[in-house]
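K.L.:
Fold the following, please.
(2 chains)
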Number of protein chains: 2
Amino acid sequence: MDPVRATYRIDVPPGEGRARAEALALEQTAELPRAAVGSESARAFLGGVESVEPAPDGAVRATIAYPAAATAADPAQLLNVVFGNAALLDDVTLVGLDVGASSAATLGGPRHGIDGLRAAAGVEARPLTCAALKPMGDPVEALAQRCEALARAGIDVIKDDHGLADFPGSPLADRLDACAAALDRAAEATGRRALYVPNLIGSPRTLARGLERVVEGGAGAVLVAPLLAGLPAFRELARESPVPVLAHPAWASPRVAPETLLGTLFRLFGADAVVFPHAGGRFPFDEATCRRLADELRRPVEGIRPALPVPAGGMSLSRVAELVGFYGSDTMLLVGGTLYVDGAGLEERARTFVRRVADAASAGTGRPT
Amino acid sequence: MDPVRATYRIDVPPGEGRARAEALALEQTAELPRAAVGSESARAFLGGVESVEPAPDGAVRATIAYPAAATAADPAQLLNVVFGNAALLDDVTLVGLDVGASSAATLGGPRHGIDGLRAAAGVEARPLTCAALKPMGDPVEALAQRCEALARAGIDVIKDDHGLADFPGSPLADRLDACAAALDRAAEATGRRALYVPNLIGSPRTLARGLERVVEGGAGAVLVAPLLAGLPAFRELARESPVPVLAHPAWASPRVAPETLLGTLFRLFGADAVVFPHAGGRFPFDEATCRRLADELRRPVEGIRPALPVPAGGMSLSRVAELVGFYGSDTMLLVGGTLYVDGAGLEERARTFVRRVADAASAGTGRPT
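P.N.:
Here you go, the predicted structure:
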């Protein structure tokens, strides 16, 4: 079986890099000094340092190969081996991960992928448009009105804000019904039905019940925050979900590079699409990070479907052409609060968003992906 | 219902603190500018800034009160509200959390607590001793031999390394049986049975099956890493576990202060004992952090049992008296690799550990707790 290769940035002078990498390889496996690992079978589980290189900024980049046997073909144990104790070290960041073919097959990746999400949304080739229902605390009827307005404007995918839980005053089941009716009304006017994506949040059993309920209620996709659920719990849900699962980045750790956490890991653990902040919005992601993240979601991996990048996080309508140019057509642009600047103009601004994406796509600013 | 109060460190000059805190209160709830929150019901869900103070080092400490309604009485949504999107901001750290009586009652805290763990280990008042079975990859028989040696030496609690998964070559079920037999043999010699604590790792269903199996097999406690499982999944397990649950800190995020993550949150989510690195070992925790962490685990909270601090992380036998003095008697000292320096001397070094803890406890170096 292929080893699991993890690359770390270690913030030490290059002269200390080799020793620190060797210590890390032991920390993540035997948790003992090498001399104290007596048996051959235990030595076969040890991580091995494959390379140690100076990074451009003076830190060190080290790659460690872990025997696949150490991961026990278990998703949680894989996380544990590549970064369990390492997370407690303040000078170590996980910056790259290649789990190899056997672990990739075990994890499984997206069940639906980009094609599945496109099919659910009924959009073949161009970039998709996405808007969010908000804010938390609003009555179901108000959210459903907004859902109808966004659908009338031609938005492809209307997702719950990730803060919309199953509130006693505006329960998930009611929201689902009201939004389904809203989409029906809009579809009569437009001839096309938007995809409503309810948010699921909770403990594993709550998530499982929620998924069953919203799929019965006609939801064509769901939103889940994998790091709130726990990545192994997220995977359990995503791999069994009959509808595509969008992943939200809430509760991300900076000790894992965004492209590795939200890109490599979210995809391997089953996200069909991943929401993340694009550069220049409310969150400190730069363009190079966003490029690597989108590449990790879409690059060809044997046996693993690609996942759709969903750049978001404070995008304005004036940036639509730029974003389509940056991400190409296999992407979904998510504009959130920008559409809400005043409540009355929601539908009109959503129309502008939809038109600009169509214009950018037909103008060919979308690079081939 | 009491609000949920979260305190953040924001790394901005004090003059920008108020505006950033106000923006954070909105980011975590409506995800909209305040002016765009139109309805009274949505405004009732908004976070409110209670205080903004300069921190000694030039940053800012801000406390935000979130209405309990925003958490929907859901453990995952509580995490989302206090730190979901905030985790993506590189200058914000969650440094304190007071969830209030109603959310504390919802979360429930430890099912067994310090008293339950003491009862399981058969240790009434003194500090407990704990050693780890390692390394991963060793055959079950070798691990069981070590288990017997540690039990003969009088160690109270013998836990799996958190890297011991359910390996095909050394399955959890076999390890459980072999260690139970080892403890029986040791008990014949010593007249007292040590507590063996198997490690559970995996997706929610794997954890649930594992718990059932090890409890049937006679395990008196289990070890779980809440951040690998996901805190909501951990809670589901811990609140239903018939035996105490030890929590391991693997995969911790530095964006949440250790005392808040491993102290406040682990306890609220059901950990009966929490393993964490003590100052001066292999991990960069300082004494002040460890003090606050232990205080968070043990301080009186209405309706929530206290949890046992388990300092670890590269402790040497020469530090036993110091550690007993630092943590007092309601603690469990975990010495891991130090006992393994050479395999032949494991039992003898474990005896030294046990004797030193007994000496320190009877010499009264344990401060009252």
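
K.L.:
Please see if the longest helix belonging to chain A touches chain B.
P.N.:
For chain A, the longest helix by residue count, based on DSSP state H, is helix A:172-190. No - Helix A:172-190 lies apart from chain B when judged by C-beta under 8 Å from any C-beta of the partner chain; the minimum separation is 9.6 Å. C-beta here means a position set from N, CA and C on the backbone, and glycine is covered the same way.

K.L.:
helix or strand right after that helix?
P.N.:
Using DSSP states H and E, the helix or strand that follows helix A:172-190 in sequence is strand A:195-197.

K.L.:
Tell me which strands that next one pairs with, and in which orientation.
P.N.:
Looking at strand A:195-197 with DSSP bridges, its partner strands are strand A:157-160 (parallel).

K.L.:
Need the contact partners of the helix or strand containing A:Thr289.
P.N.:
When elements are assigned from DSSP H and E, A:Thr289 belongs to helix A:287-298. By C-beta atoms under 8 Å, 6 or more residues apart in numbering or on different chains, the list of residues contacting helix A:287-298 from outside reads A:114, A:257-260, A:262-264, A:266-267, A:274, A:276, A:278-279, A:285, A:306-309, A:311, A:326-327, A:330-331, A:369.

K.L.:
Quick one: buried ones out of these?
P.N.:
By neighbour count, with 16 or more other C-beta atoms under 10 Å in any protein chain shown, the contacts of helix A:287-298 hold A:114, A:257-260, A:262-264, A:266-267, A:274, A:276, A:278-279, A:285, A:306-309, A:311, A:326-327, A:330-331 as buried.

K.L.:
So, low pLDDT: which residues of the stretch 251-369 of chain A?
P.N.:
The stretch 251-369 of chain A contains residues with pLDDT under 70 at A:342-343, A:365-369.

K.L.:
Can you give me the neighbour number for the residue in it positioned nearest to chain B?
P.N.:
Nearest to chain B in the stretch 251-369 of chain A, going by C-beta to the nearest C-beta, is A:Ser253, at a distance of 3.8 Å. Using other C-beta atoms under 10 Å in any protein chain shown, the number of residues around A:Ser253 comes to 20.

K.L.:
where does the most centrally placed residue in chain A fall, helix, sheet strand or coil?
P.N.:
Nearest to the geometric centre of chain A sits A:Val274, at 2.9 Å (C-alpha atoms, centre = their mean). Using DSSP: H, G, I helix; E, B strand; the rest coil as the criterion, the local structure at A:Val274 reads strand.

K.L.:
Which parts of the stretch 1-150 of chain A are strands?
P.N.:
Taking DSSP state E, counting those that start in this stretch as the criterion, the stretch 1-150 of chain A carries its strands at A:4-10, A:48-54, A:60-66, A:92-98, A:128-133.

K.L.:
could those go into CSV alongside distance to chain B, mean neighbour count and mean pLDDT?
P.N.:
Shown next, in CSV, are the strands of the stretch 1-150 of chain A (distance: least, C-beta to the nearest C-beta, whole Å; neighbours: other C-beta atoms under 10 Å in any protein chain shown; pLDDT from 0 to 100):
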stretch, distance to chain B, mean neighbour count, mean pLDDT
strand A:4-10, 13, 22, 98
strand A:48-54, 13, 15, 97
strand A:60-66, 11, 22, 98
strand A:92-98, 10, 21, 98
strand A:128-133, 8, 27, 98
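
K.L.:
Same question for the helix holding A:Thr289: list its buried residues.
P.N.:
By 16+ other C-beta under 10 Å, the buried positions in helix A:287-298 come out as A:Thr289, A:Cys290, A:Arg292, A:Leu293, A:Ala294, A:Glu296, A:Leu297, A:Arg298.

K.L.:
related to what we said a few turns ago, against which helices or strands is the longest helix of chain A packed?
P.N.:
Applying 3 or more C-beta pairs under 8 Å, 6 or more residues apart in numbering or on different chains; DSSP states H and E, one finds that helix A:172-190 contacts helix A:140-152, strand A:157-160, strand A:195-197, helix A:204-216.

K.L.:
can those go into CSV with extra columns for distance to B:Val245, mean pLDDT and mean neighbour count?
P.N.:
Shown next, in CSV, are those (distance: least, C-beta to C-beta, whole Å; pLDDT from 0 to 100; neighbours: other C-beta atoms under 10 Å in any protein chain shown):
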stretch, distance to B:Val245, mean pLDDT, mean neighbour count
helix A:140-152, 38, 97, 22
strand A:157-160, 33, 98, 28
strand A:195-197, 35, 98, 26
helix A:204-216, 16, 97, 18
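
K.L.:
Please name whichever of those is nearest to A:Val37.
P.N.:
For A:Val37, the closest of the helices and strands packed on helix A:172-190 is helix A:204-216, at 35.4 Å, according to C-beta to C-beta.

K.L.:
Check the burial of the residue of chain A found nearest chain B by counting its neighbours.
P.N.:
Proximity of chain A to chain B (C-beta to the nearest C-beta) peaks at A:Gly230, 1.5 Å away. Per other C-beta under 10 Å, the neighbour tally for A:Gly230 reads 29.

K.L.:
Please produce JSON lines containing the helices and strands packed on helix A:172-190, extended by distance to A:Ala178.
P.N.:
Conversion of those to JSON lines gives the following (distance: least, C-beta to C-beta, whole Å):
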{"stretch": "helix A:140-152", "distance to A:Ala178": "4"}
{"stretch": "strand A:157-160", "distance to A:Ala178": "12"}
{"stretch": "strand A:195-197", "distance to A:Ala178": "10"}
{"stretch": "helix A:204-216", "distance to A:Ala178": "13"}
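
K.L.:
Could you pull up phi and psi at the residue of chain A closest to chain B?
P.N.:
phi 100, psi 130 (degrees, to the nearest 10).

K.L.:
Was I right to think it contacts B:Glu236?
P.N.:
No - look at A:Gly230 against B:Glu236 with C-beta atoms under 8 Å: they stay out of range, at 10.2 Å.

K.L.:
What parts of the stretch 201-350 of chain A come near chain B?
P.N.:
A:201-206, A:225, A:227-236, A:249-255, A:277, A:282-284, A:313, A:336-337, A:340-343.

K.L.:
among the residues you listed, which are in helices?
P.N.:
Among those, the members falling in helices (DSSP H) are A:Pro204, A:Arg205, A:Thr206, A:Leu227, A:Leu228, A:Ala229, A:Leu231, A:Pro232, A:Ala233, A:Phe234, A:Arg235, A:Glu236.

K.L.:
tell me the two of these that are most distant?
P.N.:
Among those, A:Arg205 and A:Leu227 lie farthest apart (C-beta to C-beta), at 18.7 Å.

K.L.:
count of neighbours near A:Glu16?
P.N.:
13.

K.L.:
Equivalent analysis for A:Pro168, please.
P.N.:
By other C-beta under 10 Å, 9 other residues sit near A:Pro168.

K.L.:
Surely it touches B:Ala72?
P.N.:
Yes - with contact defined as C-beta under 8 Å, A:Pro168 counts as touching B:Ala72 (7.4 Å).

K.L.:
quick one, domains of chain A?
P.N.:
Annotated domains of chain A cover A:4-107, A:113-362 [automatic domain parsing].

K.L.:
Pipe the ones you listed into a markdown table and attach distance to B:Gly100 per row.
P.N.:
Below are those laid out as a markdown table (distance: least, C-beta to C-beta, whole Å):
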| stretch | distance to B:Gly100 |
| --- | --- |
| domain A:4-107 | 29 |
| domain A:113-362 | 17 |
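
K.L.:
of the ones you listed, which approaches B:Arg349 most closely?
P.N.:
For these, the distance to B:Arg349 is smallest for domain A:4-107, at 11.8 Å, taking C-beta to C-beta.

K.L.:
so how far is the first residue of that closest one from its last?
P.N.:
One end of domain A:4-107 sits 12 Å from the other (C-alpha to C-alpha, to the nearest Å).
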